[in-house]
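Participant: output the structure for:
(one chain, ligands or ions: 2)
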Amino acid sequence: MTTTPTHPRPADLPPRALSDLADAHALVRDERSPSPQGVQVSGVTLATASAHPGDLFVAVPGLRSHGARYADQARHAGVVAIVTDQAGADLIAQDGGLAIPVLCHPEPRAIAAALAADVYREPWREMTTTGVTGTNGKTTTTFLLAEILANLGRRAGLIGTVETRVGGVAEPSRLTTPEAPDVIGMLAAMRAAGDTDLVMEVSSHAIALHRVDALPFDVVGFTHLTADHLDFHGDLESYFGVKAQLFTPAHARRGVVCVDEEWGRRLAAEATIPVVTLATLEHPDATGSDGAIDPDWRVAERSLRDQGSRFALLGPRGERIEVDLSLPGDFNVSNAALAVVLALTAGADLEAVRGAAAHLTGGVPGRMEVVGTSPRCVVDFAHNADALTRAIRTLRQTTAGRLWVVFGATGDRDPSKREEMGRTAAREADVVVVTDDDPHGEDAARIRAAVLRGARGEAESDAARAAQVLEIAPRAAAIEHAVIQAAPEDTVLIAGRGHETIQEVAGVDLDLDDRHEVRVALTRRKGPDA
Ligand SMILES: CC(=O)N[C@H]1[C@@H](OP(=O)(O)OP(=O)(O)OC[C@H]2O[C@@H](n3ccc(=O)[nH]c3=O)[C@H](O)[C@@H]2O)O[C@H](CO)[C@@H](O)[C@@H]1O[C@H](C)C(=O)N[C@@H](C)C(=O)N[C@H](CCC(=O)O)C(=O)O
Ligand SMILES: Nc1ncnc2c1ncn2[C@@H]1O[C@H](COP(=O)(O)OP(=O)(O)OP(=O)(O)O)[C@@H](O)[C@H]1O
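Facilitator: Ligands and ions are numbered 1, 2, ... in the order given. This is a model prediction of the structure:
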C-alpha cells in the first residue's frame, strides 16, 4: 500500500491539559478507563501511522473498520489518550481495556478538527487562508495563487494533491486534503516557519468527512463542477450540495465563484456568504437557464501565445489586470483568473497584484506538461470525461498531424465514468490507446474492457471520422507504442496520472512515472546513435 507521508507539526507549542480539552469539547470519560487528570496532550491524530508520543488518538468509525480496533497499537506508539464514540469505547473494553484515558463523543470525526484547533492554538489567526474547490482546476489554481503571493513578497504554505509546502519545503502528498488534525498541525507548522498564507485544495471528500471543520477560510474559490466521485456522493446534486457547504459562514468569510457554467451560477445564487463572481469564457455555457448573470470580474482579449495565453481581467470598477500565462488551455485561463481574483478578495492591493500577476507560469507537475517535441508529448492529469475533452481540444488547436491519447480508468473508483471516458476519447482524438491507470484492487483487464466498450461504440457510430482504437497494457508499453508510432507532427497526450510516480496494482506499489516513460520512448525512437 502507499506509505503515509508524515505531516510536519509545530515543534515548540506547550501541551494542553486533557481535562481542559474534555471540559471545552464535552468529552465524557469512559468509566472503565483511567482519569484524565494530569495527562498532557501535545498533538492529535486520526491514524496510528501518523501517531506521535503525547498525541490524542481520535478513533473514528470508518468505512472498513473502527479506529478503536487500533487503540492498543496507538498506545504503543505513545498516544496518551483516546477520543472515540460509545461503540469504540465498548470495543476497547472488550479487548481488555487500556492503561490510558478513553473519552467519548457521539461524533468523534466531527470533533477531531476542533480538538486539533485547540491543541495547535488556532494557527490561522496570524495567517490569510484560502481554500479552492471544484472538480478540476484546484491544484493549478492553488499553484498559481501561491506564485502570485510569492511575487507579492509573501510566502504561502500549500496543501493539495501534488505536494504540501511548509516553510517553503515541499513534500509529496497522498490525499488532496488530509485529515483535519494533519491540516491544522501543518498550518501550525507553517505559522511557526513564517508562512504568511495558507493556500489549499478542498476536496468534496474533505468537506463531507469534516477534514476542514474548525478552519475558517478568509476566502474560498470555486472552479467548476462535472461528473466525478459519484461512487462516494451518489449523484451530482449531492456532490454539488457538499461543495456548496464550503460557501457558508460555517467555513468561510467570502467566496469567489467562476460562473461560466450552470453549477457555478447556482452556487453564486445559493451561497450564504458574500460572493464575487467571475466569468472566464466569452460565451458562457448556453445551457444555463439563468445565463444572464452579470459577473463582477470577466476575462477579455484572450489570445493564444506559444504554449500559453494572454488575457485581460476586467473588474467591476473599471479595474484592468493583464496576465501573460505560460500554461496551455482555456481552462488554465479560468484557473489563472480565479487565482488573481482570490488574491484580490483576500485583501491584496490592486496595483501590487497587477505586477505580481503579469507573468505566470503555474509550474504544476503533470498538468499539461510538455515532456517532448516531435512528436509533441504532453502529460496531463485529466481523469474524467470533461477534463479529457478539454485537454484534447486544447492540444488540437496546435496540432498539425494526428492526436493520440493514451489513458485508462482508475480501479476501485466510480465505475460509471469508464465508458464515458472511452466515448469521449474516441470522439475527440484520432488514435485512442486504452491502457491501465491505477487498477488498485480491481482486475485491470475488466477496467480496460469497460473503457474499450465506450471507445469502440463511439468509433463504430461515426465511420466517417472513426478514431483508431487500440488496447495495449501495461501502461509503459502503451506509452512506448504511441511515442514511437506517432509522426513528428502528431501530438501524444498521456492522460490520467499526471505527476504520480506510483501505480498500485493488486495492492502492490510499482514505480511508474508517465514523464519518465515518455523520455525513455523518445530516446528509443531516436535510436542508439541519437
Ligand atoms: C473514502 C475515504 O475518504 N476514506 C477515508 C477514510 O477511510 P475509511 O473510513 O475506510 O477508514 P478505515 O480504514 O475504515 O479506518 C477507520 C479509522 O481507523 C484508522 N486506522 C486504520 C488502520 C490502522 O492500521 N490504523 C488506524 O489508525 C484510520 O485512520 C481511520 O481513521 O478515513 C481514512 C482516515 O481516517 C482516510 O485515509 C480514507 O481516505 C482514503 C485513503 C482515500 O483514498 N480517500 C480518497 C477517496 C479521498 O479522500 N480523496 C479525496 C478527493 C481526491 C480527488 O478530488 O480526486 C482527497 O481529499 O484526497
Ligand atoms: N478549470 C478547469 N476546468 C475544467 N478542467 C480543468 C480545469 N483546470 C484543470 N482542468 C483539467 O483537470 C486536470 C486536473 O487539473 P488540476 O490538477 O488542477 O485539478 P484538481 O482539481 O486538483 O484535480 P484532483 O482533485 O483530481 O486532484 C488538468 O490536468 C486538466 O485536464
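Participant: for the residue lying closest to Gln397 once chain neighbours are set aside, give me the pLDDT.
Facilitator: Excluding the flanking residues, the one nearest Gln397 by Cβ to Cβ, 6 or more residues apart in numbering is Leu304, at 6.9 Å. C-betas here are computed from N, CA, C, even on glycine. Leu304 is assigned a pLDDT of 81 by the prediction.
Participant: wasn't Leu304 part of a helix?
Facilitator: No - read with DSSP: H, G, I helix; E, B strand; the rest coil, Leu304 is strand and lies in no helix.
Participant: what's the burial count for it?
Facilitator: Leu304: 13 surrounding residues under other Cβ atoms under 10 Å.
Participant: isn't it right up against Asn332?
Facilitator: No - between Leu304 and Asn332 there is no contact under Cβ atoms under 8 Å: 11.7 Å.
Participant: show me the contacts for Asp197.
Facilitator: Residues near Asp197 by Cβ atoms under 8 Å, 6 or more residues apart in numbering: 127-130, 149, 154-157, 346.
Participant: could you do Gly194 as well?
Facilitator: Residues in contact with Gly194 (Cβ under 8 Å, 6+ apart) are 155, 167.
Participant: quick check: it vs Ala156, distance?
Facilitator: Counting by Cβ to Cβ, to the nearest Å, the separation of Gly194 from Ala156 is 11 Å.
Participant: that older thread, of the contacts of Asp197, which belong to strands?
Facilitator: Taking DSSP state E, the ones among the contacts of Asp197 that sit in strands are 128-130, 156-157.
Participant: re the thing from before, kindly state the beta-bridge partners for the residue nearest to Gln397.
Facilitator: Ser309 (DSSP bridges).
Participant: so what does the helix ranked longest in the chain touch, helix or strand wise?
Facilitator: Secondary structure of the chain per DSSP state H: the longest helix is helix 444-461. Secondary-structure packing of helix 444-461 (3 or more Cβ pairs under 8 Å, 6 or more residues apart in numbering; DSSP states H and E): helix 418-428, strand 431-434, strand 468-471.
Participant: just name the most buried of these.
Facilitator: Neighbour counts (mean count of other Cβ atoms under 10 Å) averaged over each of those peak at strand 431-434, with a mean of 27.
Participant: show residues contacting that strand.
Facilitator: Outside strand 431-434, the residues that touch it by Cβ under 8 Å, 6+ apart are 402-408, 422, 425-426, 448, 451-452, 455, 459, 467-472, 478, 481-482.
Participant: let's go with 7 Å and repeat that
Facilitator: With Cβ atoms under 7 Å, 6 or more residues apart in numbering as the test, strand 431-434 has contacts from 402, 404-406, 408, 422, 425-426, 448, 451-452, 455, 467-472, 478, 481-482.
Participant: do the same with stretch 80-89
Facilitator: Taking Cβ under 7 Å, 6+ apart as the rule, stretch 80-89 contacts 18, 27, 30, 36, 39, 41, 54-59, 61, 66-68, 71, 74, 92, 98, 100-106, 108, 111, 115.
Participant: chain center to that stretch, what's the gap?
Facilitator: Its chain's average C-alpha position is 30 Å from that of stretch 80-89, according to Cα atoms, centre = their mean, to the nearest Å.
Participant: right, is that stretch up against ligand 1?
Facilitator: No - Stretch 80-89 is not in contact with ligand 1 by Cβ under 6 Å from any ligand atom; minimum separation 9.8 Å.
Participant: span of that stretch from start to end?
Facilitator: Terminal residues of stretch 80-89 are spaced 15 Å apart (Cα to Cα, to the nearest Å).
Participant: same deal with stretch 506-514?
Facilitator: Terminal residues of stretch 506-514 lie 19 Å apart, using Cα to Cα.
Participant: pLDDT of it, averaged?
Facilitator: On average, stretch 506-514 scores 89.
Participant: name the nearest residue to the residue in the stretch 151-300 of the chain that ligand 2 sits nearest to, sequence neighbours excluded.
Facilitator: Ranked by Cβ to the nearest ligand atom, the top residue of the stretch 151-300 of the chain for proximity to ligand 2 is Thr161, at 3.7 Å. Leaving aside its chain neighbours, Thr161 sits nearest to Thr176 (4.4 Å; criterion: Cβ to Cβ, 6+ apart).
Participant: looks to me like the one you found is in a strand.
Facilitator: No - per three-state DSSP, Thr176 lies outside any strand segment and is coil.
Participant: thought it was touching Met200?
Facilitator: No - using Cβ atoms under 7 Å, Thr176 is not in contact with Met200, being 9.1 Å away.
Participant: okay, and the common contacts of these two?
Facilitator: Gly160.
Participant: residue ranges in the stretch 51-200 of the chain under the pLDDT threshold?
Facilitator: Low-confidence regions of the stretch 51-200 of the chain, defined here as pLDDT under 70, do not occur.
Participant: where do the helices of it begin and end?
Facilitator: Applying DSSP state H, counting those that start in this stretch to the stretch 51-200 of the chain gives helices spanning 71-76, 86-94, 108-119, 138-151, 180-193.
Participant: can you put the ones you listed in CSV and add mean neighbour count and distance to Thr501?
Facilitator: Shown next, in CSV, are the helices of the stretch 51-200 of the chain (neighbours: other Cβ atoms under 10 Å; distance: least, Cβ to Cβ, whole Å):
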stretch, mean neighbour count, distance to Thr501
helix 71-76, 18, 29
helix 86-94, 18, 36
helix 108-119, 23, 30
helix 138-151, 25, 16
helix 180-193, 26, 21
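Participant: find the closest residue to ligand 1 in the protein.
Facilitator: Counting by Cβ to the nearest ligand atom, the chain gets nearest to ligand 1 through Gly62 (2.1 Å).
Participant: what's the burial count for that residue?
Facilitator: Using other Cβ under 10 Å, Gly62 has 13 neighbouring residues.
Participant: and Gln485, by the same measure?
Facilitator: Gln485 has 15 nearby residues by other Cβ under 10 Å.
Participant: same thing with the one 10 residues further on?
Facilitator: The local packing of Ala495 (other Cβ under 10 Å) involves 24 other residues.
Participant: for it, list each beta-bridge partner.
Facilitator: Beta-bridge pairing for Ala495 (DSSP bridges): Asp380.
Participant: spell out which parts of this structure neighbour ligand 2.
Facilitator: Close to ligand 2, as judged by Cβ under 6 Å from any ligand atom, the chain has residues 136-140, 161, 176, 201, 203, 223-224, 331, 334-335, 367, 380-382, 387, 390-391.
Participant: please name the nearest non-neighbouring residue to Leu522.
Facilitator: Gly372 (4.6 Å).
Participant: residues touching that neighbour, list them.
Facilitator: Counted by Cβ under 7 Å, 6+ apart, Gly372 has contacts 518-519, 522.
Participant: relative to Ala208, which of those residues is nearest.
Facilitator: Val518 (36.0 Å; Cβ to Cβ).
Participant: mind listing what that closest one touches?
Facilitator: Contact analysis of Val518 by Cβ under 7 Å, 6+ apart lists 371-372, 377, 379, 479, 483, 494.
Participant: make it 10 Å
Facilitator: Contacts here follow Cβ atoms under 10 Å, 6 or more residues apart in numbering; on that basis Val518 touches 369, 371-372, 377-379, 406, 479-480, 482-483, 492, 494.
Participant: where are the low-confidence patches of the stretch 251-400 of the chain?
Facilitator: Along the stretch 251-400 of the chain, segments meeting pLDDT under 70 span 282-292, 306.
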